[in-house]
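Novice: model this:
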Amino acid sequence: MTHRLTIGRVRGRRPRLLDLFSCAGGAAVGYDRAGFAVDGCDVAHRPNYPFPYHHGDALTYLAALITSGEIERYAFVHASPPCQDKCTLTVGTNRSQGWGGTHEDLVAPTRELLEQTGLPYVIEQPNGRAEIRKDLTLCGEMFGLGVIRHRNFELGGWSIEQPAHVPHRGRVRGYRHGRFYDGPYVAAYGNGGGKPSVPELQAAMGITWSGEREELTEAIPPAYAERIGRAYLTSRTVLEGAA
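Specialist: Residues are numbered from 1 along each chain as shown. Model (predicted):
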């Protein structure tokens, strides 16, 4: 039976967080700002990642941590497994046009291993048909960002209040069916006509440490993870104070 570990903050030390499928560290920087010490893991070489990280397969690494017992040094796990097979772009325009190839869906095996850790966790996914609970949905407008970038989060072993969705101020800038539309948001994906420059992407997302377009288009804004991290640490403090 899976059991939940209750790990509190140690005086003078930050609780440690494992960031799986870490990409360039959009989530990691947010969790760092919230108060965690962060370690990443990604199968790609990520020289821009701003914290210690393991270069290798995330699920293999997580399984090894569980087997060895080293997972016990962590208080929380964030995972952003690839699920391009079920993202909105893949199941919509790309599929209707016969574009793209096959993609992995690692959500289910990721969840299975996360449950084995006994730790509270987050699984992050874009809008689409990924089979996760949408316990939390965040949008760039909630944080005054220059992207909309809706993201859904499944929370394992804890909960958070869903903030009200803030109405968008206009359109995402770019071409739609051959017509250019202006707007207050940039499109943080792809390379087609009307897409933002790298400096525009950095400013819109709140990411300054990476100038790689691929990393920027895959990242979540740090503001999202900071909100999640602060909410989790606050919930732990309340529980510990009531004990």
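Novice: Off-centre distance for stretch 133-141?
Specialist: Relative to its chain's centre, stretch 133-141 lies at 11 Å (CA atoms, centre = their mean, to the nearest Å).
Novice: what about it, start to end distance?
Specialist: 22 Å (CA to CA, to the nearest Å).
Novice: Kindly report the same for stretch 30-47.
Specialist: 18 Å.
Novice: Check stretch 50-58 too.
Specialist: Terminal residues of stretch 50-58 lie 18 Å apart, using CA to CA.
Novice: what's it in contact with?
Specialist: Residues from elsewhere that reach stretch 50-58 (CB atoms under 8 Å, 6 or more residues apart in numbering): 19-22, 25, 28-29, 32, 38-46, 61, 79, 81, 110, 209. All C-beta atoms are positioned from the backbone trio N, CA, C, and that covers glycine.
Novice: Can you select the buried ones from these in PyMOL?
Specialist: Applying 16 or more other CB atoms under 10 Å to those, the buried members can be selected in PyMOL as follows:
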select buried, resi 19+20+21+22+25+28+29+32+38+39+40+41+42+43+46+61+79+81+110
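Novice: List the ones among the contacts of stretch 50-58 that fall in helices.
Specialist: 28-29, 32, 61, 110 (DSSP state H).
Novice: ok, those vs residue 134, which is closest?
Specialist: Nearest to residue 134 among the ones in helices among the contacts of stretch 50-58, counting by CB to CB, is residue 110 at 16.3 Å.
Novice: contacting residues around the residue nearest to that closest one when sequence neighbours are not counted?
Specialist: In this structure, residue 110 finds its nearest non-sequential neighbour in residue 81, 4.4 Å apart by CB to CB, 6 or more residues apart in numbering. For residue 81, the contact set (CB under 8 Å, 6+ apart) comprises 20-21, 58, 106-107, 110, 123, 125.
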